[in-house]
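A.B. asks: quick check, what structure comes out for this input:
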Amino acid sequence: MKKIIFLLLLITSILFGSDLKTQQKIYTLITHVLLPEKKEVKVWADSLSNRELMQNVPHTILVNSPQEADFILLQNHQQKGVHGLIFVTNLQLLRALQSEAIGGFFWQKGRPNILFLRHNLEKHHITLPSSMQEYIEDEL
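C.D. replies: Numbering: from 1, shown residues only. Next up is the predicted model:
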């Protein structure tokens, strides 16, 4: 019984670790394509888990307030008065903030999903590379 529990814990940690590395790679790509001129992107996240995630993304620096940030990662809708390049971590929040958020990255049915909103990319004068064009949506 102990061996089975140990194996389940081991498999879970391996799978979770893999998801974490995947997320970090995706956020590395996202911050680079949104802010290609920045050598280091200042990031503010509204949750501890996302702060820990972004801490290990290359070329990012965590800042203490959204006003200091180049890239704002939101998990919760309670953040009032946040402006800038807002990126969200779930589809419901992207729908709620579609007039403000530039896009979102979230897991759905076990798969990573990346969406960018065309009107907000245009509002911030951002042109994504051709390799990222398939992730641009006109509407949700």
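
A.B. asks: all contacts plus neighbour counts: C-alpha atoms, from now on.
C.D. replies: Fine.

A.B. asks: residues near residue 58, how many?
C.D. replies: Other residues near residue 58 come to 16 when the count uses other C-alpha atoms under 10 Å.

A.B. asks: report pLDDT for it.
C.D. replies: Listed pLDDT for residue 58 reads 92.

A.B. asks: quick one: contacts for residue 115?
C.D. replies: Applying C-alpha atoms under 8 Å, 6 or more residues apart in numbering, we find residue 115 in contact with 103, 104, 105, 135, 136, 137.

A.B. asks: quick check: phi and psi on the residue nearest the centre of the chain?
C.D. replies: The chain has residue 105 as the residue nearest its centroid, 5.0 Å off, counting by C-alpha atoms, centre = their mean. Torsion angles at residue 105 (phi, psi; degrees, to the nearest 10) stand at phi -130, psi 120.

A.B. asks: of the contacts of residue 115, which pair is most distant in space?
C.D. replies: 105 and 137 (13.2 Å; C-alpha to C-alpha).

A.B. asks: of the contacts of residue 115, which is the most crowded?
C.D. replies: Highest count within the contacts of residue 115 by other C-alpha under 10 Å belongs to residue 103, 27 neighbours.

A.B. asks: which residues does that residue contact?
C.D. replies: 86, 87, 88, 94, 114, 115, 116, 117.

A.B. asks: out of those, who's the most crowded?
C.D. replies: residue 94 (27 neighbours).

A.B. asks: can you tell me the helix or strand for it?
C.D. replies: Counting by DSSP states H and E, the element that carries residue 94 is helix 91-96.

A.B. asks: buried residues in that helix?
C.D. replies: Within helix 91-96, the residues that count as buried by 16 or more other C-alpha atoms under 10 Å are 91, 93, 94, 95.
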